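Q: This is a predicted model, with the sequence first.
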Amino acid sequence: MPKKKKYSFLDKLLYFINSIVATALLLSYFLAFVSPKTVPVFSVASLAVPFLIIANAIFFVYWVFKLRKHFILSGLILLLGWLFLPPFIKFSSKNTARNTDVKVMSYNVRMFNLYNWIKEDGISEKITEFIKEKDPDILAIQEYHHSKKRNLKFPYSYYVPKSKKNNFGLAIFSKYKIINKGSLDFKNSANNAIYIDVIKNKDTIRVYNLHLQSLRLNPKKENFGESSSEKLIGRLKNGFIKQASQVEVFLAHEKQWNRKKVICGDFNNTAFSWVYRQLCKDKKDAFEIAGNGFGKSFNYFFPMRIDFILTDESTNINNFKTYTPKYSDHFPIMSRINFE
């Protein structure tokens, strides 16, 4: 009879921690089915899903190298997530191009660094030059600060300031003629959603720019001491409740449009949330179809994809890319979309 392998105290402790992390990830799979209005703290927990995935992947690799059957626990739970959840990481991408593609970019520019959060000269000019270099056909900007000195060189645009006192808000720029436009005017919030209808050949395409309630996460300033943690969790809960209300307003408006559309924006939430699940119903996620890697769009200490480009199911998504210039706390994303 072969002798059974003895487990060290360290292995027993690690497996205990592994069990907790694996159970937490398994339970988190159900978070997308619970509205923040019902149990707000569940939505707070949804932000930790990327971290839980990474932690379980580390445990899985550790046990495989140790030749211990403990890898089965995290392995099975990661497999379930891979099969039934939006992808956390993509290992392949789609990279095709047609002359009839529309290049759509979404970018939270953080007011072009108006208040010098980034201690570097010329950030505003660098953002402008980056956009010109990538040359999108449609550009949706969140946290846009209007300035007459700034020229992005689009023939058509729609800008809605959220406040009369502060000259910033949402903007959409287009190479195609705008025939209709509007704002949803979220109540009691500095966030908003706007839209334009553009003509491309014989098609009318609606473009939404959606910026859901900000959670004001700052990786350089968050303090997870007892009192600070309570304030942070309270702020996040209130933010998620507002997001739920904003999603309901948006979906009611979107339901009135049954033609081709694209939804760009900063959702301030991950692909594992109730918010994303509601917004992505009957739509394609450009990253999921054509992206590669983590799709990290927010400059946080672990991969967070909170900026999205969604389309109706009838469109073809030929390419998706996340760019990484550190000109904002967000990274710009762009997709080649074919509506024909």
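A: Sure, I can see it.

Q: Following the lowest-mean-pLDDT helix or strand in the chain in sequence, what is the next regular element?
A: Here the helix or strand of the chain ranked lowest by mean pLDDT, DSSP states H and E is helix 40-46, holding a mean of 79. Reading on from helix 40-46 to the C-terminus, the next helix or strand found by DSSP states H and E is helix 49-65.

Q: quick one: average pLDDT of that next one?
A: For helix 49-65, mean pLDDT is 94.

Q: the strands in the stretch 1-150 of the chain, which residues?
A: 102-108, 138-145 (DSSP state E, counting those that start in this stretch).

Q: For those, give me JSON lines that also has mean pLDDT.
A: Formatted as JSON lines, the strands of the stretch 1-150 of the chain follow (pLDDT from 0 to 100):
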{"stretch": "strand 102-108", "mean pLDDT": "98"}
{"stretch": "strand 138-145", "mean pLDDT": "97"}
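
Q: okay, those strands, which one's buried deepest?
A: strand 138-145 (a mean of 26; mean count of other Cβ atoms under 10 Å). C-betas here are computed from N, CA, C, even on glycine.

Q: helices or strands up against that one?
A: Contacts defined by 3 or more Cβ pairs under 8 Å, 6 or more residues apart in numbering; DSSP states H and E place strand 138-145 against strand 102-108, helix 110-113, strand 168-174, strand 203-211, strand 261-266.

Q: List of residues touching that strand?
A: By Cβ atoms under 8 Å, 6 or more residues apart in numbering, the surrounding residues in contact with strand 138-145 are 102-112, 114, 131, 152, 154, 159, 167-176, 198, 207-209, 211, 262, 264-266, 330.

Q: Skipping its backbone neighbours, what lies nearest F91 in space?
A: Spatial nearest neighbour of F91, chain neighbours left out: N292 (7.5 Å); criterion: Cβ to Cβ, 6 or more residues apart in numbering.

Q: thought the one you found was touching K90?
A: Yes. Checked against Cβ atoms under 8 Å, the pair N292 and K90 is within contact range at 5.1 Å.

Q: Is I337 inside a helix or a strand, and which specific one?
A: strand 333-338.

Q: Given that strand, what are its sheet partners and their directions?
A: strand 102-108 (antiparallel), strand 316-322 (antiparallel) (DSSP bridges).

Q: tell me the angle that strand makes with strand 203-211.
A: 160 degrees (axes from the mean of the first three to the mean of the last three Cα atoms, to 10 degrees).

Q: taking the mean pLDDT, what do you get for strand 333-338?
A: According to the model, strand 333-338 has a mean pLDDT of 97.

Q: Then stretch 149-157?
A: Mean predicted lDDT for stretch 149-157 stands at 93.

Q: What's the end-to-end length of it?
A: 16 Å (Cα to Cα, to the nearest Å).
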